[in-house]
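*Asks:* Sequence first, then the predicted structure:
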Amino acid sequence: MIDVAKIKEGRVKVTILSGFLGAGKTTLLNHIIRQNQDRRIAVLVNDFGEINIDNDLIESREEYKLNLTGGCICCTIQKDLLSSVINLMKQEEKPEYLIVECSGAADPSQVLNTLSSPFLKFHLNVDGLFTVVDAGRLIDIESKEHKSLVKRQIEAANLLILNKIDCINTGTLEKVKRFVRKISPGAVMLESIRCRIPVNLILGFKDLPELKAAPPNQSLDVHMPGARQHGSGPVKILPAVPVSGSSEADKPHDQVFESWSFTSGRPMGKKKFKELVEHICPDIIRAKGIVYWDDPDDPLVLFNLVGQWIDLEIYFQKKDLPLETRLVFIGNPGWKKQSNIEQQLIECVIGKSN
């Protein structure tokens, strides 16, 4: 006789990380990995576009890491998500925890539906959907489509992390709390700076509200069309399982975001690149990546842009990365054509300027 209780007890615990572009999901994931001690954690990273920047930005020790690129796991590559998780469960030593980081354009309720499917219910226990909220930008979001997505991400969560509270005053923080609580009155709410929350607390909650799957007609479709490409990173990557012949990627989507990537194997002029980002197109919502520039001591730099906030940080984390620039830009429709950014970046490359 099958012992259903024993099977359920041995299921892998799943946490879904959600949040709008630049809210701090990757920061939270890195914090969990750094502070982890004895747990066997598998990490699944979803980054739409032609290159997977998040793979290089996520630190890896003994954790499994699995990538899904070229689409969003809440729509165009749902089947790949399902197949990849099944493949993960076939490993000789299964992880204790699976953390799924959604792209900033994802409706997490659809990811929850996929991971709660009958195919996985005896393998996974999806008990946490954590949405990271950028407290410094939430109230200022003007786009109707962007605000709808943020509300959906908040509404779907059973744990809300109000991040970047150091960037606002007490009055604004109270306004953010009222806004969030109105959307999600039952979720647990935590405040953070750079997502520094004790890992034992994050992965050890016992009394979170139960997660409920959303009906299919409540899904929110806010994605950009893009090529489906699957790649693997340099260290401990479990390859995603592509679904051949899938037509999902060819379906039209509301083009609320436009994504574009840039790569170069030649160094960028440090001064020129800094001047470029100081006057970057205001329609770019989020940009991130690794810049290879002409500094022999520190040739690789992390580039992060969230709204008007820009950061360039010397990159010490991975010594095995190739010397190349890999950048992803996400903005409002038409931003690339209006900004002339491609030519501006080419002019930053040493030996390529006109």
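*Replies:* All right, it came through fine.

*Asks:* CA only for contacts and neighbour counts going forward, please
*Replies:* Noted.

*Asks:* Which residue ranges of the stretch 251-354 of the chain form helices?
*Replies:* 270-278, 335-339, 341-348 (DSSP state H, counting those that start in this stretch).

*Asks:* try the chain
*Replies:* Secondary structure of the chain (DSSP state H): helices at 4-9, 25-35, 53-57, 78-89, 108-115, 144-156, 170-183, 199-202, 270-278, 335-339, 341-348.

*Asks:* Output the ones you listed in JSON lines, with mean neighbour count appended to each entry.
*Replies:* Below are the helices of the chain laid out as JSON lines (neighbours: other C-alpha atoms under 10 Å):
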{"stretch": "helix 4-9", "mean neighbour count": "11"}
{"stretch": "helix 25-35", "mean neighbour count": "19"}
{"stretch": "helix 53-57", "mean neighbour count": "20"}
{"stretch": "helix 78-89", "mean neighbour count": "19"}
{"stretch": "helix 108-115", "mean neighbour count": "24"}
{"stretch": "helix 144-156", "mean neighbour count": "20"}
{"stretch": "helix 170-183", "mean neighbour count": "15"}
{"stretch": "helix 199-202", "mean neighbour count": "12"}
{"stretch": "helix 270-278", "mean neighbour count": "14"}
{"stretch": "helix 335-339", "mean neighbour count": "15"}
{"stretch": "helix 341-348", "mean neighbour count": "17"}
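
*Asks:* Which one of those helices has the poorest average confidence?
*Replies:* Averaging pLDDT over each of the helices of the chain singles out helix 4-9 as the lowest, with a mean of 66.

*Asks:* Can you report how many residues neighbour the closest residue in space to H31 that isn't next to it in sequence?
*Replies:* When the adjacent residues along the chain are set aside, H31 lies closest to R196, with 6.8 Å between them (C-alpha to C-alpha, 6 or more residues apart in numbering). R196 is surrounded by 13 other residues when neighbours are defined as other C-alpha atoms under 10 Å.

*Asks:* Please apply the same query to D140.
*Replies:* Applying other C-alpha under 10 Å, we find 9 residues neighbouring D140.

*Asks:* Tell me the spacing between it and V150.
*Replies:* To V150, D140 is 12 Å away according to C-alpha to C-alpha, to the nearest Å.

*Asks:* And C167, by the same measure?
*Replies:* 19 Å.

*Asks:* that older thread, in JSON lines, list the helices of the chain along with distance to E210.
*Replies:* What follows is these, written out as JSON lines (distance: least, C-alpha to C-alpha, whole Å):
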{"stretch": "helix 4-9", "distance to E210": "16"}
{"stretch": "helix 25-35", "distance to E210": "22"}
{"stretch": "helix 53-57", "distance to E210": "29"}
{"stretch": "helix 78-89", "distance to E210": "22"}
{"stretch": "helix 108-115", "distance to E210": "12"}
{"stretch": "helix 144-156", "distance to E210": "11"}
{"stretch": "helix 170-183", "distance to E210": "16"}
{"stretch": "helix 199-202", "distance to E210": "16"}
{"stretch": "helix 270-278", "distance to E210": "43"}
{"stretch": "helix 335-339", "distance to E210": "40"}
{"stretch": "helix 341-348", "distance to E210": "45"}
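
*Asks:* and the closest residue to H123 other than its chain neighbours, what does it touch?
*Replies:* Closest residue to H123 in three dimensions, ignoring its sequence neighbours and counting by C-alpha to C-alpha, 6+ apart: R11, at 4.8 Å. R11 sits next to 96, 122-125 when contact means C-alpha atoms under 8 Å, 6 or more residues apart in numbering.

*Asks:* from those, which would you call buried?
*Replies:* 122-125 (16 or more other C-alpha atoms under 10 Å).

*Asks:* I figured L115 was touching L129, is that so?
*Replies:* No. Proximity of L115 to L129 does not meet the contact threshold set by C-alpha atoms under 8 Å, at 11.4 Å.

*Asks:* Of all residues in the chain, which one is nearest the centre?
*Replies:* In the chain, the residue lying closest to the centroid (C-alpha atoms, centre = their mean) is S103, at 3.9 Å.

*Asks:* which residues of this structure fall in strands?
*Replies:* In order along the chain, the chain carries the following strands (DSSP state E): 12-19, 41-47, 64-69, 97-101, 124-134, 159-163, 188-191, 237-238, 258-264, 284-292, 300-306, 309-314, 325-331.

*Asks:* between the helices of the chain, which one is nearest to L162?
*Replies:* Closest to L162 of the helices of the chain is helix 170-183 (C-alpha to C-alpha; 8.3 Å).

*Asks:* Packing partners of the closest one?
*Replies:* Under the contact definition 3 or more C-alpha pairs under 8 Å, 6 or more residues apart in numbering; DSSP states H and E, helix 170-183 sits against helix 144-156.

*Asks:* quick one: contacts of the helix it packs on?
*Replies:* Residues outside helix 144-156 that contact it (C-alpha under 8 Å, 6+ apart) are 18-20, 105-109, 129, 131, 133, 141, 160, 180, 183-184, 211, 220, 222, 256.
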